[in-house]
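Trainee: A structural model of the following input is requested.
(chains A, B and C)
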Amino acid sequence: MLGLHGPVEEIAPRLIGATLETRFDGLHTAAVLTEVEAYSEFDPASHSFRGRTAANESMYGPAGTIYVYRSYGVHWCANLVTGTEGRGEAILLRAGRPVAGVEVMRRRRGRRDHLTDGPGKLAQALGLNGDHDGLSMGSVIELRFPEMAAQVVATPRIGISKAINTPWRFVEVRTITL
DNA sequence: TGCTTGATTAACT
DNA sequence: GTTAATCAAGCAC
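Mentor: Next up is the predicted model:
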């Protein structure tokens, strides 16, 4: 996919402002990404740091692959692979702004607000779960880049205990929460 | 085989 | 601000 292949720390900020769209079972939802985090091999905080396993296999796929993992045994979190195949790099999609299918999102989330303001929430609102791990960007999951680049700020990543000073969290300036 | 730790969320007080 | 829910991966034994 155009503009989707490259080092995670370079691609990640460019995902801010991009629209992620899903069509599952005829249900259309879309969110503009406002917060992402980059993870790579040789990165102690990354799932791929300890090497390739059955669980993180899709992190090693080609650019455009979706990596979905179970978080805290409860939630699903979605990543987008943008690196070279076999490198184990991915970008965690942490938050977004609903722009289509809000009622579908509300039904999936079971509430009216806080639909996409967290990685588990964003994945659930878009209907992403373990079934979609390893799928590629294409007919059911699409990413559209904006006309103009968003204003982005880089900060340390959230909820990790290693490499806490690596500023690989990228947040849209208008929605920044530090 | 058992123990600890999460790339979290929601419901509490 | 605190805590339960809930489970798989990773690591020690």
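Trainee: what number of residues lie near residue A:149?
Mentor: Using other Cβ atoms under 10 Å, residue A:149 is surrounded by 11 other residues. All C-beta atoms are positioned from the backbone trio N, CA, C, and that covers glycine.
Trainee: SS state for the nearest residue to residue A:39 once chain neighbours are set aside?
Mentor: In space, residue A:39 comes closest to residue A:46 once its chain neighbours are excluded; the distance is 3.9 Å by Cβ to Cβ, 6 or more residues apart in numbering. What DSSP: H, G, I helix; E, B strand; the rest coil gives for residue A:46 is coil.
Trainee: residues contacting residue A:46?
Mentor: Shown in contact with residue A:46 (Cβ atoms under 8 Å, 6 or more residues apart in numbering): A:39-40, A:88.
Trainee: residue A:168: which of those residues is nearest?
Mentor: Of all the contacts of residue A:46, residue A:168 sits closest to residue A:39, with 7.4 Å by Cβ to Cβ.
Trainee: for that closest one, give me the pLDDT.
Mentor: Confidence at residue A:39, expressed as pLDDT, is 96.
Trainee: so how far is DNA strand C from it?
Mentor: Noted for residue A:39: a distance of 13 Å to DNA strand C, by Cβ to the nearest atom of the strand, to the nearest Å.
Trainee: which strand residues bridge that residue?
Mentor: residue A:90 (DSSP bridges).
Trainee: pretty sure it sits against residue A:90.
Mentor: Yes. Counting by Cβ atoms under 8 Å, residue A:39 touches residue A:90, with 5.7 Å between them.
Trainee: of these two, who's got more company?
Mentor: Applying other Cβ under 10 Å to residue A:39 and residue A:90 shows that residue A:90 carries more neighbours, namely 30 against 27.
Trainee: show me what contacts that one?
Mentor: Counting by Cβ under 8 Å, 6+ apart, the residues that residue A:90 touches are A:8, A:39, A:48, A:59, A:67, A:79-83.
Trainee: which neighbours do residue A:39 and residue A:90 share?
Mentor: Joint contacts of residue A:39 and residue A:90 (Cβ under 8 Å, 6+ apart) are A:8, A:48, A:79.
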